[in-house]
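**Q** structure here, sequence nowhere to be found:
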C-alpha cells in the first residue's frame, strides 16, 4: 500500500522504515529545518536533547544509539512544530539566560543575549555588597530580576508585570533557582504602592513600532505583542517609564532601559526631557545602540 503524504507532516525522507541512529535523525532534521531556521543544526540538537533528556555531551556520546519508534516519533513531532516556525524555546519550555535555565511560555518574551548587556551594565554600577532596592519593570520570565538577584544577594529586588500569567512564570523561575529575595508585584510599570525610593530601576519594555516588518518574521510572530509593541514610534512605554522613575529614585540612582538599535538618540532625549541630567547610550556586542542609562542628580 502506498502511503499518501499528509499536509504539514515531515517529508518521506523523515519517515524511515527502520530504526535510525541519533546522528542519522539529527542529519535528517537539519535538512528539514534549513529552509525555516538560521540555526538548523543547533535547533535539531536542542530538540533531540529535549527528547532524550540529556546534555550536549550526552548527545555526542549517544550519537550511534538506535532510537525506538516511539522516541523517534516524538522527535519528529517537535521538528514539525519548529518547521511551522514555532520558537525552540516555546517547544522545549526553556531558554538559558545568564547561565540559568529559565522556564518560558507564550505569555512571556523569550530572553535574548542582547538583554544580558543590560544586566552587565547594571552590575557595573551596583557595588558587590550593596543592599540596594532594585526594580525590574515588565519582568516577563523574570530573566533580568533573577540575574541581578543571583549576582547581588544583599539587594532587594522587586519585579513587576501587568500580566499575571507572566508573573506566575517568573515566580516559578525564582523558586527553581532558590532566589527568595525577589518580590513580585502585579502592576503597570511603577503604578503600585511604594514604601521607599529605589537605587536602580531596570526595564526591557516594548519598543517596536506596530508596523515594523520584523513582527511578521521569526520568533516574534509567536511572542506576546503587548510585550513587543508600543505606540508613538515605539517610544510610548519608554517615555512613561522615564517620567515615572525620576521621583522614585534616590539621588544618584540609575534608570537603565533597553531600546531598539535605531532608537538610541530618541530614548536619550526622552530621559533628558524627563529630568535626567546624565544620560549615556551603550552598545551591545554587535556595536548597535542597546541600553540607555540615566542617573538622577542630587
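**A** Ah, there it is. This one's a predicted model, so the numbers in the text were calculated from it and none came from an experiment.
**Q** quick one, domains of this structure?
**A** 12-85, 95-295 (automatic domain parsing).
**Q** between the ones you listed, which gets the lowest average pLDDT?
**A** Of all those, mean pLDDT reaches its minimum on domain 12-85 (a mean of 90).
**Q** mean neighbour count added to the domains of the chain, as JSON lines?
**A** (C-beta placed from N, C-alpha, C; glycine too.) Formatted as JSON lines, the domains of the chain follow (neighbours: other Cβ atoms under 10 Å):
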{"stretch": "domain 12-85", "mean neighbour count": "16"}
{"stretch": "domain 95-295", "mean neighbour count": "18"}
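**Q** wait, doesn't residue 118 sit right on residue 256?
**A** Yes: contact between residue 118 and residue 256 holds when scored by Cβ atoms under 8 Å: they sit 5.9 Å apart.
**Q** shared neighbours of those two, which are they?
**A** Shared contacts of residue 118 and residue 256 (Cβ atoms under 8 Å, 6 or more residues apart in numbering): 202, 291.
**Q** so what's residue 224 up against?
**A** Neighbours of residue 224 in contact, by Cβ under 8 Å, 6+ apart: 106-109, 163, 166.
**Q** revised request: answer the last question for residue 265.
**A** Neighbours of residue 265 in contact, by Cβ under 8 Å, 6+ apart: residue 281.
**Q** select the longest helix from the chain.
**A** The longest helix of the chain (DSSP state H) is helix 69-83.
**Q** show me what it packs onto, helices and strands only.
**A** Contacts defined by 3 or more Cβ pairs under 8 Å, 6 or more residues apart in numbering; DSSP states H and E place helix 69-83 against helix 22-33, helix 40-52, helix 88-92.
**Q** which stretches of the stretch 151-298 of the chain form strands?
**A** For the stretch 151-298 of the chain, the strands defined by DSSP state E, counting those that start in this stretch cover 156-161, 182-186, 198-203, 249-258, 278-283, 289-295.
**Q** in CSV, list the helices and strands packed on helix 69-83 along with distance to residue 245.
**A** Formatted as CSV, the helices and strands packed on helix 69-83 follow (distance: least, Cβ to Cβ, whole Å):
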stretch, distance to residue 245
helix 22-33, 42
helix 40-52, 37
helix 88-92, 30
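**Q** ok now the longest helix of the chain, how far from the chain's centre?
**A** 25 Å (Cα atoms, centre = their mean, to the nearest Å).
**Q** okay, the angle between that helix and helix 40-52?
**A** On the basis of axes from the mean of the first three to the mean of the last three Cα atoms, to 10 degrees, helix 69-83 is oriented at 140 degrees to helix 40-52.
**Q** wait, residue 280 touches residue 289, no?
**A** No: in this structure residue 280 lies outside contact range of residue 289 using Cβ under 8 Å: 10.9 Å.
**Q** ok, back up a step: got TSV for the strands of the stretch 151-298 of the chain, with distance to residue 231 too?
**A** What follows is those, written out as TSV (distance: least, Cβ to Cβ, whole Å):
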stretch	distance to residue 231
strand 156-161	19
strand 182-186	23
strand 198-203	17
strand 249-258	16
strand 278-283	22
strand 289-295	19
